[in-house]
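Novice: Requesting a structural model of the entry that follows:
(chains A and B)
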Amino acid sequence: MTQQASPYANAAGAKTVTLSVQSWVGAQADVAVAKLILERELGYRVDTVQVDEVPAWDALSQGRVDMIMEDWGHPEQEARYVKDKKTIVPAGEVGVIGHIGWFVPKYFADKHPDVTDWRNLNKYADQFKTPESGGKGQLLDGSPSYVTNDKALVDNLKLNYQVVFSGSEAAQITQIQRFAKEKKPFLTYWYQPQWLFEQVPMVEVKLPAYSEKCAAKAPEDIDCAYPTTPLAKYMNANFAKKGGKAAQFLKNFHWNAEQQNAVSLMIADQKLSPEAAAEKWVADNEPVWRAWLPKG
Amino acid sequence: MSAVTTTSAPPKPREAQASWRERGTRRPTLLKLAALALVAAVAIPVLHTRWASGTWPTPLTVDLTEPLGKVSDWIIDNRDGHPLFLYFFGHISNAVVLSVRAVYLVLLALGWAGTTALATLIAWRTAGPKLAAGTLASLATCGLLGMWVPTMQTLALMAVAVAASVALGAFLGLAAGLSDRTFRILRPVLDTMQVLPAFAYLLPVVLIFGIGVPAAVLATVVYAAPPMARLTALGLRGADKGVLEAVESLGATATQRLLTARLPLARKQLLLGLNQTIMMALSMAVIASVIGAAGLGDRVYQALASVDVGQALAAGLPIVLMAIVLDRVTAAAGSGDREQGRSWLPAAIGLAAVAAVAVAARLADSLLWPASWSIEIAPTVNKAVGWMTDHLYSGVPVIGGTADWAGHFTSYVLDPVRSGLTALPWYAVLLLVAALAWLIGTWKSALTATLAMAAIGVLGVWKPSMDTLSQVLAAVAVTLLIGFAIGIAASRNSRLERVLRPVLDVMQTMPQFVYLIPVVALFGVGRAPAAAAAVVYALPAVVRITTQGLQQVSPAAMESARSLGATRGQQLRQVQLPLARPSLLLAVNQGVVLVLAVVIIGGLVGGGALGYDVVFGLAQGDLATGLKAGAAIVCLGLMLDRVTQPSRAARKEDA
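Specialist: Here you go, the predicted model:
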């Protein structure tokens, strides 16, 4: 039951790697570039599977996928699979630092500079109202797969806001783009690095400072900002051992937020296919990715 | 989750007519209401003094969070070692993977030319030259859209899922068709399977099988097997008594009777079952992509993630085309217009031609669709969607933009219905459900509906369920309003009906994921876009059933009304609509079931409530949250089905 790849894999008798793609575009960029180089330079056939984060850990542990390219921190899964079961091993950092926070559009922050402190948010609640927020200000949240303490934060900081879950990142982005087009004020849960900042410049709202003590509280008692996380790669333990050049290459894969954003923006904004975007970036950045190839 | 209604036989209005007229005596209605009032008079004071609040009282709930969490942990810990997984689920999973792979490899080996030629040949043999041309054009379109490989992957998965569904469904149907007892036991099971929104049970399947193709195939089988089972049973039970007696008198054994008489006589129903199973399976293609089925569904899902409507449409169109072609071809096979068993020569020539084409393509080294033969529709579509949302979103003179409509709909319809439902004492809701279900059905269906509602309370998800229910009711109201209007118009104008048909086909088979983003762009994040998506999805069924029902009203009745000098409006109100009442009720029922299925998916665009909980459970691997919400959805579905579906027994009881 454990070992089982996709039935479509290996159809041409090639060496195959299966990568899991998470729904946000940054992760798509990682995968697109890794896939292109694996196929072109190392002669692998790469399959991709789109899964949410927690099920992806599950799949990784079972060997259904070989690699998660971008993880935003899942301590529970890490304890279960990396420490206890030893079916998953860390495969280094992506090179990108992730940060979650609350953001308002720049056009609004320019007019009302004090909105960027959480203490003043209640003053603006009226302007952030929508039909969905029930008379309070709307705090737009994203996909249910994302790490969020927003409900607790709103309660504990006594904010006159209603968390509205958009249910998927796609819906959230579409709504933000709509607001921006109309130059309407909004407050949203969002994260960096993210290509949407290039399209809709946003400013972070300061929350009470992050501390480990605060993060260790029960989920409903949390009252401080989100941590800053170096994004990590994880590999199926078996694949790490027997994956040969592909595993070595994926461990070496390391770039920065700017490089990732360049690819993300091509995919999400210019609507290039991930393949075409990776193609462009790979053509322009040979020295960067040459360094990732396994020696010998 | 569509198509249930496209080709399913409409109820026979003539038979039902009498019993509906009988109901006019009102006596049973009054009796029922009196009985309920008596129950209420005794129960409510007691309940009110103990648990007076609007929502379901906490002492009456059972918290399943901990045991479900334990179950989930147990599965994860034992998945790789326990015999149950190694020797049972493991074998199922391997068998699925192997068969999907086998079909996929065959399709790849045939190459694009061979596959297209074979499909065209099959369509030509079963359904004639017109559909063969349609099949050819559809497959070519899949290639042109650059979707050849994903289409083949989906086709492989579908083939295995449909084969498994047909095998399981035929087995169950055979059992139910031959034994009355099995039939009675099986019926509620099939009922439940059919009102189950697929989204609700993805989670347990994933937990056991992990993400990927096996889980996707199994989820599809659960969803697609019931129509096959139902129609097989129906076909066997409905076999002509005279023929059976004749066969019996010839001294045939039970098996011989089954093989030579009952099954051949049930051919039409069996093929209709196959048709329905294929349609249901296809509608799962995209939903299954959420749990890692590759192919077209995955392309739609990935396009959705990068907010690329054009790309999602490019992947959605092949699904629509496949659905329409398979529907027409199997329907044509079922109608028996083109009898089989004609000379074998054309078939042999056809097969030889297919082989020649496949070999030629292989020699030309062109197994995959040539990349240069493709057209990009994504940029154009995105531009069109962008233009539309830009111009309709707000500031449209007089009627206001879509954002305003959504706002009004939320504030003036969704909010009041929701606050009404949550403010209503829980026992009042139960009583209301009981009354509605009893008035329209039997005391049995009333009991089922009430128990389903009570189960929601016991599970501790009363509030989100009321939220979801309010969305369903609002969306159903809109669907019926528009659906009846269009249905009435189409029943009086055959030209309109012909124009509508392809539009309805596309609306019904287009994966909902494709239009989720446009509805958000038009209506903003929240419950309004979820309702809009649900209306789009449920509308075709309502329109179709309404049109069909009105057209089947007996010409004699219409003629006599006309001769009495009734105006067209009077004819409609006083003759057509009352006579088509069973069809209209069926339309309401289908509208409710289909809307519920999409309101759940609305969790992806801000619908919140149960839909969000299911999505959350899936995304976080949280069995407790996901399963409780899923169970509540099933209960809502059962309740709504019973409240809107007059059973045959009810008609008998009333008559």
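
Novice: What parts of the stretch 201-350 of chain B come near chain A?
Specialist: The interface of the stretch 201-350 of chain B toward chain A, taken as C-beta under 8 Å from any C-beta of the partner chain, is made up of B:206, B:210-214, B:289, B:291-292, B:294, B:298, B:301-302, B:304-308, B:310-311. C-beta here means a position set from N, CA and C on the backbone, and glycine is covered the same way.

Novice: again, only this time at 10 Å
Specialist: If contacts are counted using C-beta under 10 Å from any C-beta of the partner chain, the residues of the stretch 201-350 of chain B sitting beside chain A are B:203, B:206-215, B:217, B:289-295, B:297-299, B:301-312.

Novice: Buried only: go through the residues you listed for me.
Specialist: B:203, B:206-215, B:217, B:289-295, B:297-299, B:301-312 (16 or more other C-beta atoms under 10 Å in any protein chain shown).

Novice: Strands - which of those land there?
Specialist: Residues from those lying in strands, with DSSP state E as the criterion: none.

Novice: Okay, now the unreliable bits of chain A?
Specialist: In the predicted model of chain A, residues A:1-14, A:296 satisfy pLDDT under 70.

Novice: Tell me where it has strands.
Specialist: With DSSP E as the criterion, chain A has strands spanning A:16-21, A:45-50, A:67-71, A:88-105, A:137-141, A:161-165, A:187-192, A:202-205, A:228-236.

Novice: Buried deepest among those, which one?
Specialist: Stretch with highest mean neighbour count among the strands of chain A: strand A:67-71 (a mean of 26; mean count of other C-beta atoms under 10 Å in any protein chain shown).

Novice: helix/strand/coil for the closest residue to B:Gly146 other than its chain neighbours?
Specialist: Beyond its immediate neighbours in the sequence, the residue positioned closest to B:Gly146 (C-beta to C-beta, 6 or more residues apart in numbering or on different chains) is B:Ser374, lying 4.3 Å away. Using DSSP: H, G, I helix; E, B strand; the rest coil, the three-state assignment for B:Ser374 comes out as coil.

Novice: Skipping its backbone neighbours, what lies nearest B:Thr625 in space?
Specialist: With sequence-adjacent residues excluded and distances taken as C-beta to C-beta, 6+ apart, B:Thr625 is closest to B:Gly617, at 4.5 Å.

Novice: pretty sure the residue nearest to B:Gly146 is touching B:Leu145, no?
Specialist: Yes: B:Ser374 is within contact range of B:Leu145, at 6.9 Å (criterion: C-beta atoms under 10 Å).

Novice: More neighbours: the two, which one.
Specialist: B:Leu145 (23 against 15; other C-beta atoms under 10 Å in any protein chain shown).

Novice: what sits against the more buried one?
Specialist: Listed by C-beta atoms under 10 Å, 6 or more residues apart in numbering or on different chains, the contact set of B:Leu145 reads B:151, B:313-318, B:321, B:369, B:374-378.

Novice: can you tell me how far it sits from chain A?
Specialist: In this view, B:Leu145 and chain A are 13 Å apart by C-beta to the nearest C-beta, to the nearest Å.

Novice: Ramachandran angles for that residue?
Specialist: Dihedral pair for B:Leu145: phi -80, psi 0, per degrees, to the nearest 10.

Novice: picking that back up, and the residue nearest to B:Thr625, that's in a helix?
Specialist: Yes: when classified by three-state DSSP, B:Gly617 is found to be part of a helix.

Novice: you'd agree it is up against B:Ala624?
Specialist: Yes: applying C-beta under 10 Å as the test, B:Gly617 and B:Ala624 come out as touching, 7.7 Å apart.

Novice: With neighbour numbers in mind, choose between those two.
Specialist: With other C-beta under 10 Å as the criterion, B:Gly617 and B:Ala624 differ in neighbour count, and B:Gly617 comes out ahead with 24 against 19.

Novice: and the longest helix anywhere in chain B, what does it pack onto?
Specialist: Ranked by number of residues, the top helix in chain B under DSSP state H is helix B:90-127. Under the contact definition 3 or more C-beta pairs under 10 Å, 6 or more residues apart in numbering or on different chains; DSSP states H and E, helix B:90-127 sits against helix B:129-144, helix B:148-178, helix B:202-209, helix B:213-237, helix B:309-335, helix B:345-363.

Novice: From chain A, how far out is B:Arg79?
Specialist: From B:Arg79 across to chain A, the span is 7 Å (C-beta to the nearest C-beta).

Novice: what do you get for B:Gly603?
Specialist: Using C-beta to the nearest C-beta, we find B:Gly603 at a distance of 5 Å from chain A.

Novice: residues touching the residue nearest to that residue when sequence neighbours are not counted, list them.
Specialist: In this structure, B:Gly603 finds its nearest non-sequential neighbour in B:Gly611, 2.8 Å apart by C-beta to C-beta, 6+ apart. With contact set as C-beta under 10 Å, 6+ apart, B:Gly611 has these partners: A:167, B:197, B:199-200, B:464, B:467-468, B:471, B:527, B:530, B:596, B:598-605, B:629, B:633.

Novice: try it again with 6 Å
Specialist: Contacts here follow C-beta atoms under 6 Å, 6 or more residues apart in numbering or on different chains; on that basis B:Gly611 touches B:Ile600, B:Gly602, B:Gly603.
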